[in-house]
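Student: Output the structure for:
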Amino acid sequence: MKFNILLGVVLSLISGHMLAQSRGFAPGSVARQTEIEKLFLSYPSSERFKNHLTNLTQEPHLAGTRANERVRDYMAEKMRQAGLTVDIYPYDLYLPVGQGEVKAEIVLPKRIALNNMENIYAEDRFSTHPELGPGWNAFSGSGDVTAEVVYANYGRKEDFEKLAALKISLKGKVVIARYGGNFRGYKAKYAEAAGAAALIIYTDPADNGYTKGLVYPEGPQPDESTIQRGSLLTLDFTGDPLTPFEPALPADGKKKIVRKNPAEVAFHTIPVLPLPYGSAKEILALMKGKPVPSGWQGGLPFTYRIEGGSGLTVRVKVQQEKKLQRCYNVVGTLTGSEFPDEWIIAGCHYDAWNFGACDPNSGTAMLLSLGESLGKLSKAGYKPKRTIKIAHWDAEEFGVIGSTEWVEQFRDELNAKGVAYFNADAAVSGRSFGGSASPTIKELLLEATKSVTYPDSAKTLYNMWLSGSRSGKEPNVGNLGGGSDHIGFYMHVGIPSWSGGTGGPTLYHSNNDNLSFYERFVDPGFTMGPMVEQVFGIMGLRLANADALPYQLARYGSDVRMHLENLQKQADYAKDFSFEALLAAADELKAAGEAADQSVIKFLGKSADAANRRQINQQLLKLEREWIDVEGMPYGNWYRSLYASTDPYSGYASWMLPAFQYEISLKSTANLKKWEQKYLATMKQLTGKLKALGTIAE
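Tutor: Numbering: from 1, shown residues only. As a prediction, the model looks like this:
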């Protein structure tokens with residue numbers, strides 16, 4: 001077992017590194033923390049991780065199904081056995097009831113039924129499971145459409161703008177677009193807005209498929225039958241579509257929640273269906289119009305064309321029922337020994353489109369193992385000082401719903417107690433490590449990776465990560481965007497967050513994201529799960545046990561300046577607007593952060609005053625909340641962070657300083673001064689808090 005042999009290397013590195021890097025710890029606390037981390041690093045096990053992943057992915061388990069309830073019960077049992085207190089939170093969510101009826105066929109020039117389900121393979125023991133079904137998109141409209149075809153590249157905003165510039169009419173047409181470039185729901189939104197009657201989405205082999213390597217089952221790339229399922233929910237808020245800002249508590253519960261009438265919600269109305277590229281090829285090969293613009297050609301072996309002409313018609317039929325369905329969040333808690341009202345939360349959703357070996361349940365299995373390791377540590381006498389919660393969210397695949405409802409249910413408590421949120425969605429899906437984080441915990445992530453060894457090597461994870469960095473100075477830690485369960489914590493409440501783990505080629509949201517695929521192509525030795533567990537655990541333990549929360553305060557100003565400089569380039573059209581005052585405020589924020597960092601370090605070096613430490617931690621805990629603006633963003637007031645947001649045009653990308661980003665995306669100057677004043681006031685307030693923190697520490 002190479003993983004266990006190499007633990008010796010880890011244990012020899014950890015003590016020296018912990019002594020060198022001890023942000024947040026008084027000198028007298030470093031030795032105990034080093035001892036805790038050394039013991040914790042010895043606990044993660046490939047066998048435990050593999051057993052959890054095997055048990056979690058025995059059957060397809062979509063949110064709202066009995067199979068998903070069996071996963072719920074397994075997780076709750078394992079966390080209770082580990083010594084965590086387990087709470088189960090029910091919600092009634094407005095969701096599709098399975099795929100309903102889905103069909104696609106070519107009608108003219110001759111009838112061809114189009115496959116919309118993965119092939120069966122002798123090499124894949126899961127591919128014959130009776131509960132597997134065809135490809136479908138949640139929150140599609142219902143309808144039966146037969147019409148001519150228009151190709152829209154990736155279905156991005158700019159792609160539809162290009163079609164309009166070319167005077168291509170989409171009215172009443174079936175649009176076919178490839179996956180990539182934006183969230184699939186925006187493809188549907190833009191197609192419907194342009195007048196399309198239906199939408200087909202497919203994975204093009206230029207992006208994922210035979211142009212990238214061997215296809216399944218011989219390799220890890222999508223083959224001609226692989227289908228990416230997924231939700232289309234695209235509203236101006238995140239969460240249950242009938243209860244914005246409020247938790248979707250059970251309809252038969254004591255507390256009554258006012259729900260919207262579904263007819264009042266801006267759901268998509270056109271039928272949308274995902275297909276594999278084997279089926280898309282049948283349509284695209286028959287198109288007779290003009291060749292596509294530069295950059296629109298895909299990977300199929302013929303020239304792509306914009307229109308199919310009157311001689312080619314395609315039928316798309318979707319009949320999808322939606323209703324309230326009971327779903328459950330499962331949360332395990334290790335209550336802090338000294339600061340029980342300061343919470344570190346690590347979470348991952350557990351609902352899956354099918355088996356979910358990579359997405360999401362590699363993250364679920366890792367968190368179950370982490371809960372067991374932390375429970376074992378507590379039983380050994382090393383209970384965390386702050387509370388650690390391990391959360392398993394439901395209904396993420398339908399639109400990041402379960403975690404959002406929990407955030408809305410406990411918004412006030414999270415505002416008062418939230419130290420950090422760690423997101424583990426599909427966190428062990430390959431061998432390449434990466435992560436994105438809010439400014440104050442980027443350093444925490446980087447430092448944790450220095451204490452973890454990369455499997456089957458003598459290198460630390462940090463050094464392995466660094467080897468893939470463009471700059472070569474430090475690994476690149478990204479900025480959080482959309483698409484997963486950190487959204488509510490970070491962008492609605494303002495809790496420092498990070499999301500990350502390992503990645504690689506996956507058969508995303510397909511029937512073949514199963515244990516057979518995982519053990520052959522993702523991680524045959526199941527060694528990456530323990531490594532990712534160590535990163536999450538070291539970060540969590542440092543936050544939980546630090547004398548002063550180990551946030552890097554100077555990072556606020558330096559990151560804000562970087563984002564402002566990027567915005568300045570984008571806003572070159574606004575000749576009468578200057579970023580100088582904002583840049584100066586960012587520099588002042590950075591200086592205040594650097595001073596506060598040093599003051600806290602000096603304070604911990606000389607003082608054991610528990611009252612002052614508590615006061616410092618309360619100030620630190622509230623800093624990220626300064627970015628929260630109750631007015632919210634102009635494109636959706638549920639998104640309250642002035643610092644970070646999902647991109648309202650693509651759904652996945654990170655928008656930094658999003659109010660400015662939105663104004664600039666419109667090429668508008670009307671509200672630049674308004675947002676300048678709001679950002680200046682926020683940075684002034686945050687700078688003042690940092691200076692006050694320095695005063696307390698001194």
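Student: Tell me if residue 468 really is in a strand.
Tutor: No - counting by DSSP: H, G, I helix; E, B strand; the rest coil, one finds residue 468 to be coil, located in no strand.
Student: Now do it: how many residues are near it, please.
Tutor: Look at residue 468: counted by other Cβ atoms under 10 Å, it has 12 neighbours. (Each C-beta comes from the backbone N, C-alpha and C, glycine too.)
Student: what residue ranges in the protein score low on pLDDT?
Tutor: By pLDDT under 70, the low-scoring segments of the chain are 1-21, 608.
Student: So which residue is smack in the middle of it?
Tutor: Central residue of the chain (Cα atoms, centre = their mean): residue 484, 3.0 Å from the mean position.
Student: What separation is there between the residue lying closest to it once chain neighbours are set aside and residue 599?
Tutor: Spatial nearest neighbour of residue 484, chain neighbours left out: residue 425 (4.4 Å); criterion: Cβ to Cβ, 6 or more residues apart in numbering. Between residue 425 and residue 599 the computed distance is 37 Å (Cβ to Cβ, to the nearest Å).
Student: okay, these two: which has more neighbours?
Tutor: For residue 425 versus residue 599, neighbours defined as other Cβ under 10 Å are more numerous around residue 425 (24 against 20).
Student: Check the contact between the residue nearest to residue 484 and residue 482; I expect there is one.
Tutor: No - Residue 425 is not in contact with residue 482 according to Cβ atoms under 8 Å; the separation is 11.8 Å.
Student: any common contacting residues for these two?
Tutor: Common neighbours of residue 425 and residue 482 are not found (criterion: Cβ atoms under 8 Å, 6 or more residues apart in numbering).
Student: domains in this protein, as residue ranges please.
Tutor: For the chain, automatic domain parsing gives the domain ranges 2-95+325-545, 554-697.
Student: Please state the offset of the shortest one from the chain centre?
Tutor: The reference is to domain 554-697. 22 Å (Cα atoms, centre = their mean, to the nearest Å).
Student: and if you look at stretch 457-473?
Tutor: The answer for stretch 457-473 is 23 Å, by Cα atoms, centre = their mean.
Student: picking up where we left off before, measure the residue nearest to residue 484 to residue 249 for me?
Tutor: Distance from residue 425 to residue 249, by Cβ to Cβ: 24 Å.
Student: got a list of what the residue nearest to residue 484 touches?
Tutor: 348-349, 359-360, 363, 396, 484-485, 499.
Student: go again using 10 Å as the cut-off
Tutor: Contacts were defined as Cβ atoms under 10 Å, 6 or more residues apart in numbering; by that measure residue 425 touches 347-349, 359-360, 362-364, 393, 396, 400, 403, 483-486, 499-501.
Student: among those residues, which are in strands?
Tutor: 347-349, 393, 499-501 (DSSP state E).
Student: if we take those, which one ends up nearest to residue 648?
Tutor: Closest to residue 648 out of the ones in strands among the contacts of residue 425 is residue 499 (19.3 Å), distances taken as Cβ to Cβ.
Student: For the closest residue in space to residue 325 that isn't next to it in sequence, the count of nearby residues, please.
Tutor: In space, not counting the residues next to it along the chain, residue 325 is nearest to residue 64; the distance is 3.8 Å by Cβ to Cβ, 6+ apart. For residue 64, the neighbour count with other Cβ under 10 Å is 23.
Student: picking that back up, which residues touch the residue nearest to the centre of the chain?
Tutor: 347-349, 359-360, 363, 393, 396, 400, 403, 423-426, 499, 652.
Student: where's the residue nearest to residue 325 relative to residue 580, distance?
Tutor: 53 Å.
Student: And stretch 281-288, what's buried?
Tutor: Of all the residues in stretch 281-288, those buried under the rule 16 or more other Cβ atoms under 10 Å are 281-284, 286-287.
Student: returning to that earlier point: switch the domains of the chain over to JSON lines; also include distance to residue 273.
Tutor: Shown next, in JSON lines, are the domains of the chain (distance: least, Cβ to Cβ, whole Å):
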{"stretch": "domain 2-95+325-545", "distance to residue 273": "14"}
{"stretch": "domain 554-697", "distance to residue 273": "19"}
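Student: Just name the most buried of those domains.
Tutor: domain 2-95+325-545 (a mean of 22; mean count of other Cβ atoms under 10 Å).
Student: for that domain, the distance to its chain's centre please.
Tutor: Domain 2-95+325-545 sits 12 Å away from the centroid of its parent chain (Cα atoms, centre = their mean).
Student: Torsion angles phi and psi at the nearest residue to residue 279 once chain neighbours are set aside?
Tutor: Excluding the flanking residues, the one nearest residue 279 by Cβ to Cβ, 6+ apart is residue 114, at 4.1 Å. Main-chain dihedrals, residue 114, degrees, to the nearest 10: phi -100, psi 120.
Student: quick one, helices of the stretch 451-600 of the chain?
Tutor: 461-466, 486-487, 515-517, 528-545, 554-570, 580-606 (DSSP state H, counting those that start in this stretch).
Student: Export only the CA atoms of the fifth one, formatted as CSV.
Tutor: Extracted as CSV, the C-alpha positions of helix 554-570 are listed here (Å, rounded to 0.1, in the frame of the first residue of the first chain):
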residue,chain,number,x,y,z
ALA,A,554,-4.2,41.6,3.2
ARG,A,555,-5.6,39.5,0.4
TYR,A,556,-8.8,41.5,0.3
GLY,A,557,-7.1,44.6,-1.0
SER,A,558,-4.7,42.9,-3.4
ASP,A,559,-7.5,40.8,-5.0
VAL,A,560,-9.9,43.8,-5.2
ARG,A,561,-7.2,45.9,-7.0
MET,A,562,-6.6,43.0,-9.5
HIS,A,563,-10.4,42.8,-10.2
LEU,A,564,-10.7,46.6,-10.5
GLU,A,565,-7.8,46.7,-13.0
ASN,A,566,-9.6,44.0,-15.1
LEU,A,567,-12.8,46.0,-15.0
GLN,A,568,-10.9,49.2,-16.0
LYS,A,569,-9.8,47.5,-19.2
GLN,A,570,-13.3,46.3,-19.9
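Student: okay, how far is it across stretch 245-260, tip to tip?
Tutor: 12 Å (Cα to Cα, to the nearest Å).
Student: And the contacts of that stretch?
Tutor: Stretch 245-260 is contacted by residues 89-94, 237, 239-244, 324, 326-327, 395, 401-402, 404-411, 492, 637-638 when judged by Cβ under 10 Å, 6+ apart.
Student: buried stuff in that stretch?
Tutor: Result for stretch 245-260 [16+ other Cβ under 10 Å]: buried residues 246-249, 257, 259.
Student: Same list (the residues you listed) but as a markdown table, adding secondary structure and distance to residue 59.
Tutor: As requested, the buried residues of stretch 245-260 are exported to a markdown table (DSSP: H, G, I helix; E, B strand; the rest coil; distance: Cβ to Cβ, whole Å):
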| residue | secondary structure | distance to residue 59 |
| --- | --- | --- |
| 246 | coil | 33 |
| 247 | coil | 29 |
| 248 | coil | 26 |
| 249 | coil | 29 |
| 257 | coil | 32 |
| 259 | coil | 31 |
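Student: farthest pair in those residues?
Tutor: Farthest pair in the buried residues of stretch 245-260, by Cβ to Cβ: 247 and 259, 11.4 Å.
Student: just to revisit the earlier point, report whether the expected contact of the residue nearest to residue 279 with residue 105 is present.
Tutor: Yes - assessed by Cβ atoms under 10 Å, residue 114 is found in contact with residue 105 at 5.6 Å.
Student: and these two? which has more neighbours close in?
Tutor: Neighbour tally, residue 114 and residue 105, criterion other Cβ under 10 Å: the higher count belongs to residue 114, 21 against 16.
Student: ok, now which ones touch that one?
Tutor: Contacts of residue 114 (Cβ under 10 Å, 6+ apart): 103-106, 200, 273, 275-276, 278-283, 314-316.
Student: List only buried entries from the residues you listed.
Tutor: Applying 16+ other Cβ under 10 Å to the contacts of residue 114 flags 103-106, 200, 273, 275-276, 278-283, 314-316 as buried.
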